[in-house]
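Participant: I'd like to go over a predicted model; first the sequence, then the structure.
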Amino acid sequence: MSLYDVVKPLLFALPAEQAHRLGHLALRTSQGTRLAAVAADRLAVTDPRLEVTAFGQSFANPVGVAAGFDKNAEIPAALAALGFGHVEVGGVTAERQPGNPKPRMFRLREDRAIINRLGFNNHGADAIGARLDDTEVDAPVGVNIGKSKSTPLAEAADDYRYSFERTRAGGDYFVVNVSSPNTPGLRELQNREPLEQILSTLQDAGASPLLLKLSPDLAPEAVESALDVVNDLGLDGVVATNTSVDRPASLSSPKSVQEGGLSGAPIEDEATAMIRFVAERTDVPVVGVGGVADAAGAYEKIRAGASVVQLYTALVYEGPTIARDINRELLRLLERDGFDSVEAAVGADLS
C-alpha cells in the first residue's frame, strides 16, 4: 500500500476543490527541497526510448500534466519532480479573475471522472508571467491561454496577445484555448474567422511554438475547418482534446447531472478518436489528452497519432506515482510490439 492509498480517503472526504488546494500546498511546500530531489530520483524513468522531440521541444518522456492542474504556475517544478515529461500551466487570462461560483468541481467516483465549471479562475497574466520568470523547471513548460470573461469576443485576439506577451519569457510552448466549455461564448472562437484572427495575431507577436486546443464536442466538419486554419497558418501542433459537455449513457454517478466539462475515463475513447481524426488530417504533432490513466491508454493514444500525452484526472485518482508507472509499462509495451522508441510507435494504427 502506498502513502497515497492512505491519504486518498481523507482527501476524498473533502470537497474536490478543497482537496485540490491541499495537494497543491503539499507540492508547493516540497518544491526545491531535499524531499523533492529524492522524489525526482525515485520517480524518474530515464530511458532514451521514451524521449520524444515534438514542436521543437525535447521531452524526456511522453507523459505530461494537462492544463488546469496548475492554473497559476505555482508548482511546475514539483510536478516535473514527480516524473512528468512536461507541464502545461494555466489557463491564463489577461485579467485576474475568480472564476465561477462554488461549488464548481465534482468527483464522479463511480466513473473515475471529474466535472468542473471553474471558469478560468487564475491570478492573471501579469502575476503568472512574473512567477514563470522566477521558476526553473527540468522539463518543458507549456502556457495555456484563454480569454478573459469580461473581454468581448470581438476583442479576443488582443486579449490572447496580452497574455502571451506577459508569459512569453517563461513558456516553452503556447496553447490557444478556445475550447473550454466554462467561459460563455468561448467556443464560438473555434469558428474559422475569429480563430484565424487570434492565431495570426499571436504569430505576429512571435508566439512559437503555437498550438491549438480543440473541443471533443466539435462536429467533424468543424474540426476539419479548424485544422484547415492550423495547416494554412503553419501552426506547430494541436492539443486534442479539452473536457466535454456531453454525458455518456454509461455514467453512473449522481453528480453526472452537474454542468461543466467532463474529464477522465468516460471520455477516453472519444478523445482517442479525435486524436486519430486530427492525425489523419494534419502533419503537425498532436498532444493527446482525455482519459489517460495507465500505460495502455497512453499507448493507445500514441499509436493513434499522439506524440505526447497529458493527464489530470488520473493524477487525482491514481496519485503522484502515475507518471513513473505509465513510463515503466510503456517500455514493456514498446518491447512487446517491437518498437525501439515511443517515436517509432506514434501513429502506428493510422491507415
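Facilitator: Looks like it arrived, so ask away.
Participant: now do the nearest residue to Gly64 once chain neighbours are set aside against Asp5, distance only.
Facilitator: The shortest distance from Gly64 to any non-neighbouring residue, by Cβ to Cβ, 6 or more residues apart in numbering, is to His86 (3.9 Å). Where C-beta positions appear, they are placed from N, C-alpha and C, glycine not excepted. Per Cβ to Cβ, to the nearest Å, His86 is found 27 Å from Asp5.
Participant: ok, Arg112 next?
Facilitator: 16 Å.
Participant: looking at these two, which one has more neighbours?
Facilitator: Set side by side, Arg112 and Asp5 show more neighbours around Arg112, with 19 against 9, by other Cβ atoms under 10 Å.
Participant: apart from its chain neighbours, what residue comes closest to that one?
Facilitator: Ala265 (4.2 Å).
Participant: that neighbour and Ala113 touch, don't they?
Facilitator: Yes: between Ala265 and Ala113 there is a contact at 5.8 Å, judged by Cβ atoms under 8 Å.
Participant: burial of the residue nearest to Gly64, as a residue count?
Facilitator: For His86, the number of neighbouring residues by other Cβ under 10 Å comes to 28.
Participant: by contact count, what packs against the one helix or strand Ala37 maps to?
Facilitator: Assigned by DSSP states H and E, Ala37 falls within helix 34-43. Helices and strands touching helix 34-43, by 3 or more Cβ pairs under 8 Å, 6 or more residues apart in numbering; DSSP states H and E, are helix 76-81, helix 322-337.
Participant: and among these, the most buried is which?
Facilitator: Most buried of the helices and strands packed on helix 34-43, by mean neighbour count (mean count of other Cβ atoms under 10 Å): helix 76-81, with a mean of 26.
Participant: list the residues that contact the nearest residue to Gly347 once chain neighbours are set aside.
Facilitator: Spatial nearest neighbour of Gly347, chain neighbours left out: Gly305 (4.5 Å); criterion: Cβ to Cβ, 6+ apart. Listed by Cβ atoms under 8 Å, 6 or more residues apart in numbering, the contact set of Gly305 reads 275-276, 278-280, 286, 288, 346-347, 350.
Participant: Asn144 in helix, strand or coil?
Facilitator: Following DSSP: H, G, I helix; E, B strand; the rest coil, the label given to Asn144 is strand.
Participant: Val292 versus that one, what's the distance?
Facilitator: Distance from Asn144 to Val292, by Cβ to Cβ: 17 Å.
Participant: these two: which is more packed in?
Facilitator: Val292 (31 against 28).
Participant: per-residue pLDDT, the more buried one?
Facilitator: We have a pLDDT of 99 for Val292.
Participant: can you pull out the strands in the chain?
Facilitator: In the chain, the strands defined using DSSP state E lie at 52-54, 57-59, 63-65, 86-92, 105-108, 113-116, 141-145, 173-177, 210-214, 237-240, 261-264, 286-289, 306-311.
Participant: format the ones you listed as JSON lines; extra columns: mean pLDDT.
Facilitator: Below are those laid out as JSON lines (pLDDT from 0 to 100):
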{"stretch": "strand 52-54", "mean pLDDT": "99"}
{"stretch": "strand 57-59", "mean pLDDT": "99"}
{"stretch": "strand 63-65", "mean pLDDT": "99"}
{"stretch": "strand 86-92", "mean pLDDT": "99"}
{"stretch": "strand 105-108", "mean pLDDT": "99"}
{"stretch": "strand 113-116", "mean pLDDT": "99"}
{"stretch": "strand 141-145", "mean pLDDT": "99"}
{"stretch": "strand 173-177", "mean pLDDT": "99"}
{"stretch": "strand 210-214", "mean pLDDT": "98"}
{"stretch": "strand 237-240", "mean pLDDT": "99"}
{"stretch": "strand 261-264", "mean pLDDT": "99"}
{"stretch": "strand 286-289", "mean pLDDT": "99"}
{"stretch": "strand 306-311", "mean pLDDT": "99"}
